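> no FASTA, just this:
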Ligand SMILES: Cc1cc2nc3c(=O)[nH]c(=O)nc-3n(C[C@H](O)[C@H](O)[C@H](O)COP(=O)(O)O)c2cc1C
């Protein structure tokens with residue numbers, strides 16, 4: 001494989017959940033956000049909230065960014081030009097999520113290049129009302145994901161990924177026969193088991209319903225973990241739709 005400083009920074013990525021007390025200088029923070037902003041965008045449909053409240057931030061991180069999809073700001077711009085949004089909120093959210101995600105990952109990489117580490121937190125959409133109250137968000141601003149950042153005090157190994165052949169499909173999507181699926185599952189599971197990841201993190205997801213527990217930390221690994229998430233959690237979109245609606249986003253069909 002080719003390599004250079006940029007590629008190596010990306011290949012060294014690992015989520016970090018333990019930070020020193022050192023507060024990054026303003027210049028560092030501004031550089032990271034500026035690098036984030038320079039990500040490609042469809043319409044810069046985002047805003048970024050920052051908390052430096054180490055006492056309150058998850059893992060006492062010196063920086064907590066909350067990345068939001070922001071229709072409010074755009075509506076102000078459109079009003080200046082005597083326009084109103086007619087595009088439906090699902091489309092806007094889709095573009096907003098794309099814009100915001102690209103910016104966020106640029107920040108992760110920029111941060112890493114300056115010696116900072118980070119970890120995303122995915123629960124923000126389900127706590128959107130609480131985050132909105134905390135940051136006094138206007139309607140039409142929706143917290144998408146949070147990102148802790150700071151100087152690391154842990155150095156875990158990099159986590160496994162699928163084999164490239166299970167990710168990159170050239171010209172057409174292949175028929176994924178069971179042996180290819182098993183190979184990808186093995187790569188992930190063996191990788192996590194070799195790191196004893198779930199035992200160390202005490203992160204086994206309990207089984208709901210009639211399923212009997214047969215796994216121990218000797219064989220509980222990533223594919224079982226992810227099955228337990230998407231095989232048990234949030235069967236209905238109700239919670240998320242409620243949060244979106246509270247924030248002024250309407251995803252269900254317009255009433256006629
Ligand atoms: C959208 C998103 C949400 C995430 N949410 C959480 C979270 O709530 N808690 C957590 O500890 N890690 C969270 N992570 C980090 C992932 O667990 C981590 O990226 C993944 O396990 C791969 O590990 P690595 O980043 O060290 O390579 C999240 C990552 C993403 C991209």
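Everything's here; your move. For clarity, every value in this text was computed on a predicted model and none was experimentally measured. Numbering: from 1, shown residues only.

> rest of the way, CA atoms for contacts and neighbours
Noted.

> and the chain, which of its residues are near the ligand?
Counting by CA under 6 Å from any ligand atom, the positions of the chain adjacent to the ligand are 13, 14, 15, 119, 120, 121, 122, 123, 158, 159.

> Which of those residues fall within helices?
Among the residues of the chain next to the ligand, none falls in helices (DSSP state H).

> Now, of those, which are buried?
Neighbour-count burial (16 or more other CA atoms under 10 Å) applied to these gives 13, 14, 15, 119, 120.

> sorry, back to before: and the residues of the chain next to the ligand as TSV, adding pLDDT?
Output for the residues of the chain next to the ligand, formatted as TSV (pLDDT from 0 to 100):
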residue	pLDDT
13	97
14	98
15	98
119	98
120	98
121	98
122	97
123	97
158	98
159	98
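
> out of the residues you listed, which are inside strands?
Residues of those located in strands (DSSP state E): 119, 120, 121.

> Which strands or helices does the lengthiest strand in the chain pack on?
In the chain, assigned by DSSP E, the strand with the most residues is strand 141-150. Judged by 3 or more CA pairs under 8 Å, 6 or more residues apart in numbering; DSSP states H and E, strand 141-150 is in contact with strand 63-70, strand 117-121, helix 128-135.

> out of these, deepest packed?
Between these, strand 63-70 has the highest mean count of neighbours, a mean of 24, where neighbours are mean count of other CA atoms under 10 Å.

> That one versus strand 141-150: what angle between them?
For strand 63-70 against strand 141-150, the angle by axes from the mean of the first three to the mean of the last three CA atoms, to 10 degrees is 160 degrees.

> How far off centre is the longest helix along the chain?
Assignment by DSSP H gives helix 89-113 as the longest helix of the chain. Centroid separation for helix 89-113 versus its chain: 9 Å, with CA atoms, centre = their mean, to the nearest Å.

> domain assignment for the protein?
5-155, 164-230 (automatic domain parsing).

> Out of the ones you listed, which is closest to residue 246?
Ranking those by their distance to residue 246 (criterion: CA to CA) puts domain 5-155 first, at 7.1 Å.
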